[in-house]
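J.: Fold the following for me, if possible:
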Amino acid sequence: MSKPRIITGLDIGSGYIKLLSVSKKSGEENFEILSQLQEPSLGIRKGVIINVPKVTESISSLIKKAEQDSGIKINNVYANINGGHIYSTYSKGLVSVSRADRKISEEDVERVLQAARAISLSSNKEIIHTFPKEFIVDGEGGVREAVGMEGVRLEAETLLLCGFSPYIKNSSQAILGSGVQIGELTPDPLASARAVLTPKEKELGVCILDIGAATTGMGVFEEGSLIHAAVFPVGSSHITNDIAICLKTDINTAEKIKLEFATCKDISKKEKKTEKKIKLEGEETLSFSVDLLSDIVEARVSEILDLTNKELKKISRQEMLPAGIVLTGGGVKLPGIKDLTKKRLKLPCRIGTAEGFSGFHADPSLSTLCGLILEGIDLEEEQGSFPGSNKGIRNRLKNIFRIFIP
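T.: Sure thing, here's the model as predicted:
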C-alpha cells in the first residue's frame with residue numbers, strides 16, 4: 001500500500017494567516033484533515049506583504065505547530081497571492097506549424113503560448129499565470145485542444161494575470177524563508193473559485209466575489225474559462241473602520257458592533273428609529289441608531305458592488321451572467337448581503353462555501369484555503385507526484401490547460 005501524500009494550503013490574508021494540512025492517498029476521493037490553524041496577520045497591508053520577516057515568523061510558527069499535530073514533515077505549501085496590484089490583460093500569439101505533415105504538436109502549442117506571453121510590461125510588472133481562452137487554427141476559432149489537428153498557422157488568445165514584481169517577490173521570500181518550498185502561488189479569486197464554483201456555472205457565465213478583510217477578489221468565468229480578474233483594495237475591515245470613525249469608538253468595539261448588529265437588510269421605518277447599546281470597558285455604554293449603522297454598512301458594501309459592476313462593464317458582462325454572482329469570503333457573513341447584491345448588480349446571487357470537506361462547518365471565510373488544497377491535489381495528481389501513482393509525468397503543458405478542466 002502506498003503512503004498518503006501530504007498537501008498543505010497556506011492562505012496569507014490581511015486578517016489572518018491560515019494553514020490547512022490534509023492527507024490523501026492516490027486514487028482515493030476522500031482525504032483526512034491533519035491540521036487546521038490560524039494566526040492574526042502581522043506585516044500585511046491591503047493584501048500585500050510589506051514586512052517579510054514578520055510574515056515569515058508567523059508562517060514558520062504555523063508550520064511547526066502543524067508538524068507537531070500531524071507528526072509529519074511539511075516540505076511544500078500551496079499558497080495564495082493577493083492585493084490590488086493584480087490585474088488581467090488579453091494577449092494573442094501566432095506561430096507557424098513546424099511539422100512537415102502539418103500536424104500541430106505540443107511544442108507548437110508551447111511556442112504559441114510563449115508568443116502570447118511576449119508582451120511589453122513595465123520593468124516592475126510580471127506575468128503570474130497564463131490562461132488560454134481559445135486556439136485558432138488557420139483562422140478557425142473556438143478550439144480548446146489543438147494538439148493533433150492539422151494546420152499551417154496556429155494562434156492563441158490568452159488571458160494573462162499580471163502583478164507588481166516586488167510584492168510577488170515578497171510573497172515568495174516570506175514562504176521560502178520559513179523553510180518550505182512553494183508548490184504554486186494562486187491569486188485569491190482563482191483559489192476560491194476552485195472551491196465554490198461548479199463546472200456548470202463556469203460554463204454558463206459566473207462572477208465570483210471573494211470579500212476578505214482588506215481586499216475583494218473578483219473572477220469572471222465563461223465557457224469554462226477565466227475571462228477577467230481583478231482585486232479591489234476594499235474589504236470588510238473597511239466597514240469596521242467606518243463604524244469606528246462614525247461612532248467615535250475604538251476598533252475592537254467597532255468590530256463587535258459589526259459582528260452583532262451590522263446588516264445589509266432593508267430596515268423598516270420603525271426599526272430605523274431603534275437605539276442599540278453596547279457595553280464598553282468599565283460602566284460606560286455606547287448608544288447608536290440602527291439607521292446610522294445601516295447607512296454605514298450599506299455604503300461600503302455598495303462601493304464594493306459598484307467596483308464589481310465597473311469591471312463587468314469593461315468586458316460587457318454587466319447584467320449578462322446567467323449563473324450570476326457567487327459571494328464568498330469572511331465579508332459575506334453580513335445578513336442581507338445576498339439580496340443587496342441582487343438588487344445592485346441585477347443578477348442572481350448565492351453564498352458559496354467549499355464542498356467535500358468533511359468536518360468543516362460551511363464557512364465562506366475558508367473558501368480560499370480549501371481551494372488551495374484542491375489546487376494542490378489537482379497539480380500533484382496530474383504530475384504523478386503521489387506515491388504509487390501510475391500516471392507518470394504528464395506533458396509540461398498540462399498545468400496550463402487546467403483552466404479548461406471542469
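
J.: any idea how far residue 198 lies from residue 224?
T.: For residue 198, the distance to residue 224 equals 11 Å [CB to CB, to the nearest Å]. C-beta: built from backbone N, CA, C; applies to glycine.

J.: Sorry, wrong one. I was asking about residue 116.
T.: Taking CB to CB, one finds residue 116 at 19 Å from residue 224.

J.: Give the residue from the two that has the larger number of neighbours.
T.: Set residue 116 next to residue 224 and count neighbours by other CB atoms under 10 Å: residue 116 wins out with 24 against 15.

J.: Would you double-check that that one falls in a strand?
T.: No - according to DSSP: H, G, I helix; E, B strand; the rest coil, residue 116 belongs to no strand; its state is helix.

J.: what helix or strand does the nearest residue to it once chain neighbours are set aside sit in?
T.: Nearest residue to residue 116, sequence neighbours excluded (CB to CB, 6 or more residues apart in numbering): residue 93, at 3.3 Å. Element membership for residue 93 (DSSP states H and E) is strand 87-96.

J.: Report the buried residues of that strand.
T.: Residues 87, 88, 91, 93, 95 are the ones in strand 87-96 that count as buried (16 or more other CB atoms under 10 Å).

J.: Low-confidence stretches in the stretch 1-150 of the chain?
T.: Within the stretch 1-150 of the chain, the ranges that satisfy pLDDT under 70 run 1-2, 27.

J.: With only the CA atoms kept, save stretch 224-244 in PDB.
T.: Coordinates of each C-alpha in stretch 224-244 appear next as PDB, following Å, rounded to 0.1, in the frame of the first residue of the first chain:
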ATOM      1  CA  GLY A 224     -15.300  27.100 -18.700                       C
ATOM      2  CA  SER A 225     -12.500  29.700 -19.000                       C
ATOM      3  CA  LEU A 226     -11.400  32.600 -16.900                       C
ATOM      4  CA  ILE A 227     -12.200  35.800 -18.900                       C
ATOM      5  CA  HIS A 228     -11.400  38.500 -16.400                       C
ATOM      6  CA  ALA A 229      -9.900  39.000 -12.900                       C
ATOM      7  CA  ALA A 230      -9.300  41.900 -10.600                       C
ATOM      8  CA  VAL A 231      -8.600  42.700  -6.900                       C
ATOM      9  CA  PHE A 232     -10.100  45.700  -5.200                       C
ATOM     10  CA  PRO A 233      -8.300  47.300  -2.100                       C
ATOM     11  CA  VAL A 234     -11.600  47.300  -0.200                       C
ATOM     12  CA  GLY A 235     -12.900  44.700   2.200                       C
ATOM     13  CA  SER A 236     -14.800  44.000   5.400                       C
ATOM     14  CA  SER A 237     -12.200  45.700   7.700                       C
ATOM     15  CA  HIS A 238     -13.200  49.000   6.000                       C
ATOM     16  CA  ILE A 239     -16.700  48.600   7.300                       C
ATOM     17  CA  THR A 240     -15.100  48.200  10.800                       C
ATOM     18  CA  ASN A 241     -13.000  51.300  10.300                       C
ATOM     19  CA  ASP A 242     -16.100  53.300   9.100                       C
ATOM     20  CA  ILE A 243     -18.100  52.200  12.200                       C
ATOM     21  CA  ALA A 244     -15.200  53.300  14.400                       C
END
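
J.: picking up where we left off before, export the buried residues of strand 87-96 as CSV, with columns for distance to residue 246.
T.: CSV is the format used below for those (distance: CB to CB, whole Å):
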residue, distance to residue 246
87, 32
88, 35
91, 44
93, 51
95, 58
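
J.: Kindly indicate which of those lies nearest residue 191.
T.: residue 88 (15.5 Å; CB to CB).

J.: List the residues that contact the closest one.
T.: By CB atoms under 8 Å, 6 or more residues apart in numbering, residue 88 lies in contact with 159, 160, 161, 162, 226, 228, 229, 230.
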